[in-house]
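K.L.:
Quick one, what's the 3D model for this:
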Amino acid sequence: MLRSNEKVVLAYVEAFNRWDIEGLCRLFTPDALIYGVFGWGPLKKIQPIWAELFESFQIQLEVESILEEGDAVAMRYVERGTSVKPFRGKPATGRPYEIIAMEWFELKGGLIHRRWGARDMASQFKQMGLPLDL
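P.N.:
Sure thing, here's the model as predicted:
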């Protein structure tokens, strides 16, 4: 049986897979901070990064493992996508990628308060034929 914080994180995955930025934002506290490979900060700073990633790579997440302890949730997943539009000045290659990634969430009042992502961007970009000099 899923616990309540796991359900919030799985709702995050569902919104992410729909490329639903508004839906994602509703799952975070107003003062949330998000840490990722392409930047970190409050939701206003991360929203354009999400939009850029969705548009350029058509990302989909498939949860492999999720663990909850208190207000913390850890998730390991397979991330798949394809380079379909230019990304940060680099042309689309049409090539797909698949990586294993992890995220750590801290929840507060039933919403995500902090989120950290760990992923192998070098492998992702190599599979898509993109340079790492972004």
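
K.L.:
how about the helices in this structure?
P.N.:
In the chain, the helices defined using DSSP state H lie at 4-18, 21-25, 43-57, 121-128.

K.L.:
Could you pull out the buried residues of the last one?
P.N.:
Neighbour-count burial for helix 121-128, counted by 16 or more other CB atoms under 10 Å, picks out 124-125, 127-128. Quick note: C-beta positions are derived from backbone N, CA and C, even for glycine.

K.L.:
so who does residue 39 touch?
P.N.:
For residue 39, the contact set (CB atoms under 8 Å, 6 or more residues apart in numbering) comprises 45-46, 49.

K.L.:
Give the buried residues for stretch 64-76.
P.N.:
For stretch 64-76, by 16+ other CB under 10 Å, it's 66, 68, 73, 75.

K.L.:
Across the sheet, point out what pairs with the nearest residue to the first one once chain neighbours are set aside.
P.N.:
Nearest residue to residue 66, sequence neighbours excluded (CB to CB, 6 or more residues apart in numbering): residue 75, at 4.8 Å. When bridges are assigned using DSSP bridges, the partners listed for residue 75 are residue 66, residue 103.

K.L.:
Likewise for residue 107?
P.N.:
Where residue 107 sits in a bridge, its partners, by DSSP bridges, are residue 112.

K.L.:
Once you drop chain neighbours, what's closest to residue 114?
P.N.:
In space, residue 114 is closest to residue 106, 4.2 Å off (CB to CB, 6+ apart).
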